[in-house]
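Student: One predicted model, sequence on top.
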Amino acid sequence: MSEKSGVGINREEGTGQGRKVVETETGSGFTNLDDFLAEVEEAIRREEREIYTEKTLEEAYNPKNVGKLSNPDGAARITGPCGDTLQIHLKVEGGRITDSKFISDGCGPSVACGSVITEMVRGKTIEEAFKIESGDIIAILGGLPEESVHCSVLAVDTLRAALEDYRSKKKENGRI
Ligand code: FES
């Protein structure tokens, strides 16, 4: 009996003298591991495209502003109820945010949200940055599935904690 699996492998069992023969299919099938892995990756991307917008996938796979700032003026790290942690650093000059970096150990959407929110804050005053809401991030991403909305909330909560950190540091220094 011959059975063709979905990954281009022919399996023949009980042939010959009780031998089990497993052959790699040539011709219409995959001839090497790279082809197989490319097909698996494409299948995963197809599934992801059914769940997430192109913009979300773009930001998740190619995030901007990943990393840390040396001597940030404001910093915060929050672990959400899902167990994922987001960190945001801010640089503030002349009352405006001039740079921002993030690190996420979490899901793809949290990376996308970190990328978007660190772009959004650039050039904003502290007060303007406080007004950013999760809905603003979701709008830029073109939508998020319901189960990923909390990832955008984590990004906003972390940003606001970093802004609070900036304010408290300034208070300590007697500048506000
Ligand atoms: Fe935890 Fe997305 S699942 S931040």
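Tutor: Received, thanks.
Student: Residue numbers of the chain in contact with the ligand?
Tutor: Counting by C-beta under 6 Å from any ligand atom, the residues of the chain close to the ligand are Gly80, Cys82, Asp84, Gly106, Cys107, Pro109, Ser110, Ser148, Cys151, Leu154. Placement of C-beta: from N, CA and C, glycine included.
Student: Selection in PyMOL covering whichever of these are buried, please.
Tutor: To isolate the buried members of the residues of the chain next to the ligand in PyMOL, using 16 or more other C-beta atoms under 10 Å:
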select buried, resi 80+84+106+107+109+110+148+151+154
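Student: and which of the residues of the chain next to the ligand is nearest Ile51?
Tutor: Nearest to Ile51 among these, counting by C-beta to C-beta, is Ser148 at 8.5 Å.
Student: Can you tell me the SS state at the closest residue to that closest one other than its chain neighbours?
Tutor: Spatially, and ignoring its direct neighbours in sequence, Ser148 is nearest to Pro109 (4.1 Å; C-beta to C-beta, 6 or more residues apart in numbering). Of the three states, Pro109 takes helix under DSSP: H, G, I helix; E, B strand; the rest coil.
Student: and what of Cys82?
Tutor: Under the three-state scheme (three-state DSSP), Cys82 adopts coil.
Student: Contact partners for it?
Tutor: For Cys82, the contacting residues are Gly106, Cys107, His150, Cys151, Leu154, by C-beta atoms under 8 Å, 6 or more residues apart in numbering.
Student: So which of the residues you listed are in helices?
Tutor: His150, Cys151, Leu154 (DSSP state H).
Student: could I get these as TSV with pLDDT?
Tutor: Shown next, in TSV, are those (pLDDT from 0 to 100):
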residue	pLDDT
His150	97
Cys151	97
Leu154	98
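Student: just those residues now: which is nearest Arg49?
Tutor: The closest of those to Arg49 turns out to be Cys151 (C-beta to C-beta; 18.0 Å).
Student: residue ranges for the helices of this protein, please.
Tutor: Under the criterion DSSP H, helices of the chain are mapped to 33-51, 54-61, 108-120, 126-130, 134-141, 149-172.
Student: Tell me which of those helices is the most buried.
Tutor: Each of those was scored by mean neighbour count; the highest is helix 108-120, a mean of 25, by mean count of other C-beta atoms under 10 Å.
Student: what angle separates it from helix 134-141?
Tutor: Per axes from the mean of the first three to the mean of the last three C-alpha atoms, to 10 degrees, the angle that helix 108-120 makes with helix 134-141 is 100 degrees.
Student: where does helix 108-120 sit relative to the chain's centre, distance-wise?
Tutor: Centroid displacement of helix 108-120 relative to its chain, using C-alpha atoms, centre = their mean, to the nearest Å, is 7 Å.
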